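*Asks:* Kindly return the folded structure for what I paste below:
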Amino acid sequence: MRLRIATLTIGLSAVLLMGSCKKEYLETRPTTAIDASSVLTSVANATAALNGIHRSMYMRWNDQGTFGYGTVMLYNEVLGEDYVFSGQSNGWFVSFYRWLDHRNANGNAYFPYQFFYRVIANANVLINGIDQTPGLQVEKDAIKGQALAYRAWSYFNLVQLYGKRFVKGGPNTDPGVPLVLTPTTEALPRATVADVYKQVNTDLAAAESLLAGARPRVDKSNFNVNVVRGLQARVALTQEDWALAASKAAAARTGFALMTGTQQLEGFSNWSNPEWMWGSSQIDDQTEFFTAYLAYISYNFNSTNIRTNPKLINRTLYNTMATNDVRRALWVPTPTAANSIVPPGGLRFPFMNQKFRAKDFANSVGDIPYMRSAEMFLIEAEALARDGKFTEAQTAFTTFMATRVPGFVRPTATGTALIDLIMNSRRVELWGEGFRFLDLKRLNLPLDRTGSNHNQALAVMMNLPAGDIAWQYVIPQSELNANPNVVQNP
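*Replies:* You can find the predicted model right below:
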C-alpha cells in the first residue's frame, strides 16, 4: 500500500485543480492548484479541493487513453457485446476489446485502480478534516457529503471491477479491495467484498443525510441528494435489494424530466438536457484534444480513431427496437453521406453510432453523462419486475417508453418476458455510457458476441461463460510490489 498511497496522494496539490465547467465560475475562483497543507484552512480552499476532484473526472492522467472516468466508461463498454469496433484503427482500447488488458497486471488494469484511489485519497482529506475547518456548518456539510459520495462511488466501482460479483444471501467473503478510510501510508490488506459494500452503503447513507438539507448545488458536476439516491439505487440493484433499488430510483429522479424525442437526437453532450442528473462539462480552454471521452466515442471528432474505427451498435440489439422507436436514429444501419455524419475522410459502416457528438470536427470538448433520469426509470422498472411487482413495473416502464416510442402500448407481459423487455431497452438506452460489463457481471450472464456484427478476427473474444476468472480485473503489479498484504486475483 505504501507505494500506491505515495503514487496516489503525494501529488495531492496537483490534483486539487479548479474543476469549474462554466467560464464565469472560473472567473470567481483561483485557477491554480491548492497546496495540500492549505486545503483545510478555510471552506474556500476545501471547496477548491472538491472542485479538483470534479476536474479529475475528465482531465488527462497518464497517456492519451486515460481521461478520468470516461476511460473507465469505455472499458465497461468495450468489454461487453453491445459496443462494436468497426476496425482496429490506431489500436486504442483494442486489447480491452479482446479481454486482454484488464488481465494484464503490468497493463491498463492499473488505471481504474489509480483513478479511483486518487479520488478516495482526496475525498479522505475532506471527510476527515472538514469538521475542524472554520466556516458555516451548511457549507461544511455540503463538502463532506460530496466527499463521502465520491468515496462510496469509487469503492463501488473498484469492488465490481477487482472483486467477485456480490451474491445475495452468500457470505461474499472473497477479497475485494483495500478500504482506505483515512490519509495513511499503512499497508492494508484487501477487505472482503461484503465489507466493501457495507462501507459503500454507510458512506452513501451519511452523504444522503448531509446533502438532504443542502443549498442548491453550483452545477451538475456536484453531487446533490438526488444523485446520492441514484447511487444508492445502483448499489441496491447490484445487491439484488429490489425494493430498495426501486424506491431509491424513484426518489432520485424526482424533479428530472425525461427527454423529448427531439432532445434525444441532439448529441448527448450537453448537460442542460433535463434528464441529466450528474455529469462533467467542458469549455473550449479545457480541451484535452485526443485525450477525451468524445475523441473515441463521438461520430464527428476528427481523430484517427473515429475516422477509421467508428463505433457500432450490436445489430441484434438494434433490431429489438420497435420500428418507430426514436432511438433508432442514434445509429444508422445503412449509412450514406446523406443520412450520417463522419469527420473528414471518415469511413462508414452499417449500424454506426450517431449518438454522441463532439463540439465540432476539430474540438473534442463536450459534456459527459454519468447519471440520467432515464436510468432511474429503468432501475425502478427492472427492480419491480424482478421483485414480482409486475403491474408497478409495467407502469414505470411505460412512463419511460412513452418518450422513446410514440404511442407506446403498455405491455401485458410479466415474469421473464417483461424483464427481457426492460433489459433490452436498458441496453439500448445506456449504450456507450459505461454500464454493460457491470450489468453482465452483476446478473451473472455470459459474454456472447456471436450472431452479431462483431468481427471475430478483431474481437477475438466472442464467448466467455459467467463466473470465469476473467470477469475480475487483476490487481496492478505496482500495488503488489509495494504492498505485501495484497493478494493477486486468480
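
*Asks:* can you name the farthest residue from the center of this protein?
*Replies:* In the chain, Pro134 marks the outermost C-alpha relative to the chain mean, sitting 33.9 Å out by C-alpha atoms, centre = their mean.

*Asks:* Please report how far that residue lies from Tyr69.
*Replies:* Separation of Pro134 from Tyr69 (C-beta to C-beta, to the nearest Å): 32 Å. To be clear about C-beta, it is placed using only N, CA and C from the backbone, and glycine gets the same treatment.

*Asks:* just to revisit the earlier point, shouldn't the residue farthest from the centre of the chain be within a strand?
*Replies:* No: per DSSP: H, G, I helix; E, B strand; the rest coil, Pro134 lies outside any strand segment and is coil.

*Asks:* And for the nearest residue to it once chain neighbours are set aside, the neighbour number?
*Replies:* Spatial nearest neighbour of Pro134, chain neighbours left out: Ser42 (6.6 Å); criterion: C-beta to C-beta, 6 or more residues apart in numbering. Using other C-beta atoms under 10 Å, Ser42 is surrounded by 13 other residues.

*Asks:* so Gln394 sits right up against Leu418, yeah?
*Replies:* Yes: counting by C-beta atoms under 8 Å, Gln394 touches Leu418, with 6.9 Å between them.

*Asks:* list the residues that contact both of these two?
*Replies:* Pro411 (C-beta atoms under 8 Å, 6 or more residues apart in numbering).

*Asks:* pLDDT score for the closest residue to Lys355 other than its chain neighbours?
*Replies:* Spatial nearest neighbour of Lys355, excluding adjacent residues (C-beta to C-beta, 6+ apart): Leu330 at 4.1 Å. Here the pLDDT value assigned to Leu330 is 98.

*Asks:* again with the one 5 residues further on
*Replies:* Among the per-residue scores, Pro335 holds a pLDDT of 98.

*Asks:* Over to the one 5 residues further on?
*Replies:* Looking at Ser340, its pLDDT reads 98.

*Asks:* do you know how far it is from Leu312?
*Replies:* Taking C-beta to C-beta, one finds Ser340 at 12 Å from Leu312.

*Asks:* Now do the shared contacts for those two.
*Replies:* By C-beta under 8 Å, 6+ apart, Ser340 and Leu312 have these common neighbours: Met352.

*Asks:* Pick out whichever of the two has more residues nearby.
*Replies:* Applying other C-beta under 10 Å to Ser340 and Leu312 shows that Leu312 carries more neighbours, namely 23 against 18.

*Asks:* hey, where'd the helices end up in the stretch 201-350 of the chain?
*Replies:* For the stretch 201-350 of the chain, the helices defined by DSSP state H, counting those that start in this stretch cover 225-238, 242-252, 294-297, 304-308, 315-318.

*Asks:* Return the most buried member of the ones you listed.
*Replies:* Stretch with highest mean neighbour count among the helices of the stretch 201-350 of the chain: helix 294-297 (a mean of 28; mean count of other C-beta atoms under 10 Å).

*Asks:* Which elements pack onto that helix?
*Replies:* helix 304-308 (3 or more C-beta pairs under 8 Å, 6 or more residues apart in numbering; DSSP states H and E).

*Asks:* Now the helix it packs on - C-alpha only, CSV.
*Replies:* These are the backbone C-alpha positions of helix 304-308, laid out as CSV (Å, rounded to 0.1, in the frame of the first residue of the first chain):
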residue,chain,number,x,y,z
THR,A,304,-7.8,8.7,-36.4
ASN,A,305,-9.8,6.5,-34.1
ILE,A,306,-13.1,8.0,-35.1
ARG,A,307,-12.3,8.2,-38.8
THR,A,308,-11.2,4.6,-39.2
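
*Asks:* Can you show me the strands along the stretch 201-350 of the chain?
*Replies:* Applying DSSP state E, counting those that start in this stretch to the stretch 201-350 of the chain gives strands spanning 276-280, 311-313, 331-332.

*Asks:* These: which one's closest to Tyr370?
*Replies:* Nearest to Tyr370, of all the strands of the stretch 201-350 of the chain, is strand 276-280, at 4.6 Å by C-beta to C-beta.

*Asks:* other SSEs contacting the closest one?
*Replies:* Packed against strand 276-280, as judged by 3+ C-beta pairs under 8 Å, 6+ apart, are the following elements: helix 225-238, strand 368-372.

*Asks:* and of those, who's closest to Lys198?
*Replies:* Here helix 225-238 is closest among these (C-beta to C-beta), at 10.8 Å.

*Asks:* For the stretch 51-200 of the chain, which segments count as strands?
*Replies:* 83-85.

*Asks:* So which residues of it form helices?
*Replies:* 69-78, 94-97, 110-129, 137-162, 193-211.

*Asks:* Nearest to Met371, out of these?
*Replies:* Of all the helices of the stretch 51-200 of the chain, helix 137-162 sits nearest to Met371, with 10.1 Å by C-beta to C-beta.

*Asks:* residues contacting the closest residue to Leu347 other than its chain neighbours?
*Replies:* The spatially closest residue to Leu347, leaving aside those adjacent along the chain, is Thr308, at 5.9 Å (C-beta to C-beta, 6+ apart). For Thr308, the contacting residues are 87, 89-90, 346-347, by C-beta under 8 Å, 6+ apart.

*Asks:* try it again with 6 Å
*Replies:* Residues near Thr308 by C-beta atoms under 6 Å, 6 or more residues apart in numbering: 87, 89, 347.

*Asks:* Next, the closest residue to the first one other than its chain neighbours: phi, psi?
*Replies:* So that's Gly87. Once flanking residues are discounted, Gly87 sits nearest to Asn309: 4.5 Å by C-beta to C-beta, 6+ apart. Asn309 adopts backbone torsions of phi -140, psi 60, taken as degrees, to the nearest 10.

*Asks:* In this structure Asn309 contacts Tyr83, no?
*Replies:* No: with contacts counted by C-beta atoms under 6 Å, Asn309 stays clear of Tyr83, the gap being 11.5 Å.

*Asks:* Run a quick neighbour tally on Leu378.
*Replies:* Neighbour count of Leu378, defined by other C-beta under 10 Å: 25.

*Asks:* Hmm, Arg426 and it touching each other?
*Replies:* Yes: judged on C-beta under 6 Å, Leu378 makes contact with Arg426 at a distance of 4.6 Å.

*Asks:* residue ranges with poor pLDDT in the protein?
*Replies:* Counting by pLDDT under 70, the chain has low-confidence residues at 1-36.

*Asks:* 80 instead?
*Replies:* 1-37, 285-288 (pLDDT under 80).

*Asks:* For Pro333, which residues are in contact?
*Replies:* Here Pro333 is in contact with 350-351 (criterion: C-beta under 6 Å, 6+ apart).
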